[in-house]
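> Please find the sequence and the predicted model below.
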Amino acid sequence: MKFAYQGIPGSYSENCIKLNYPDAEAISCRTFQDAFELAKKDKNIKALVPEQNQLIGSINIETLILKYRLNVSAEHFFSINHSLLVLPGAKLSDITDVYSHTAALSQSHSFINKYKFKENVMADTAGSALYISKQKDKTKAAIASKESAEIYNLEVANQKIQDEEENFTRFLIFQKEISHPKFSENEKYITSFIFKLKNKPSALFQSLTGLSIRQVDMTKLQSFPEKGTFSSYYFFCEVQGHIEEKKVSGAIKDLELHCSEFQLLGVFKQSKFRNR
């Protein structure tokens, strides 16, 4: 099994792949789009992409979901723990500058302020670790995963430096082949889809009425504009339940009556993380 991800070895995406698919091959990609491209072209490659973070919200991959229309086959919630990585032998008192992705910097705001470090924005966390390893400057440090320290010959000066102890990112698995798990009453599922409404008053309210009447719980509703316009919107939606359940299929049929476009993205088992 192969998984494409955005970033380089040591990134949280790669760590999520290793945790959930220890025997899989992880393929590094420069961008999210590159990962989608590989999964679109090759049925033997799946893309693991972050969809939402507990602290900063949506990762804004909806336009890529719309463009590639790949099947969503699984979800994983991965714990994000930031570490301060330094060159071997460097002390905390040596550090003046820290480098990382803007999200990691904002999530470690209190720690950075405490030591009066100067923030420097990088494209990603693992990339910042690689940068520090090449600089050979003990005044510079990276905020990244502790796994990055092992890969790029750095030392972990501090662990779990993020402001909030609990910090999870939700990852989705995208694949070319359409594959839905067989319904079982002993399992919980998520049904995922995108839709665009007809241009009429109260269209969104009317389209969601079926979910309410049939008591189908909606877990996500994200709007994003159609390319080239601010007057036409798509919606990325997820509901609890399997498409084979009468209440779910009925609610979706009701919704489709108000849509100019609708596409089922996938049905997959809920992560056990949701049962906490």
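Here it is on my side, so go on.

> drop to CA atoms for contacts and neighbour counts, all remaining ones
OK.

> Show me which residues of stretch 16-36 are buried.
For stretch 16-36, burial by neighbour count (16 or more other CA atoms under 10 Å) applies to 16-17, 26-29, 32-36.

> In TSV, list those residues along with secondary structure and pLDDT.
Below are the buried residues of stretch 16-36 laid out as TSV (DSSP: H, G, I helix; E, B strand; the rest coil; pLDDT from 0 to 100):
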residue	secondary structure	pLDDT
C16	helix	98
I17	helix	98
A26	strand	98
I27	strand	98
S28	strand	98
C29	strand	97
F32	helix	97
Q33	helix	97
D34	helix	98
A35	helix	98
F36	helix	98
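
> Could you take those residues and lay them out as JSON lines, with extra columns for distance to V72?
Formatted as JSON lines, those follow (distance: CA to CA, whole Å):
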{"residue": "C16", "distance to V72": "17"}
{"residue": "I17", "distance to V72": "16"}
{"residue": "A26", "distance to V72": "18"}
{"residue": "I27", "distance to V72": "19"}
{"residue": "S28", "distance to V72": "20"}
{"residue": "C29", "distance to V72": "19"}
{"residue": "F32", "distance to V72": "15"}
{"residue": "Q33", "distance to V72": "16"}
{"residue": "D34", "distance to V72": "17"}
{"residue": "A35", "distance to V72": "14"}
{"residue": "F36", "distance to V72": "12"}
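
> Let me know the closest of the residues you listed to E164.
Ranked by distance to E164 (CA to CA), those are led by C16 at 19.7 Å.

> Isn't that closest one up against F78?
Yes. Counting by CA atoms under 8 Å, C16 does reach F78; the two are 6.3 Å apart.

> Give me the residue at the spatial middle of this protein.
By CA atoms, centre = their mean, the chain has its centre lying nearest to P50, at 1.3 Å.

> wait, what's in contact with that one?
Contact analysis of P50 by CA atoms under 8 Å, 6 or more residues apart in numbering lists 13, 59, 169-172.

> list residues touching both of C16 and F78?
Shared contacts of C16 and F78, defined by CA under 8 Å, 6+ apart, are absent.

> any idea which strand is longest in the protein?
Selection of the longest strand in the chain by residue count, based on DSSP state E, yields strand 259-269.

> List the neighbouring strands of that strand plus their orientation.
Applying DSSP bridges to the sheet, strand 259-269 is found paired with strand 189-197 (antiparallel).

> No further questions, thank you.
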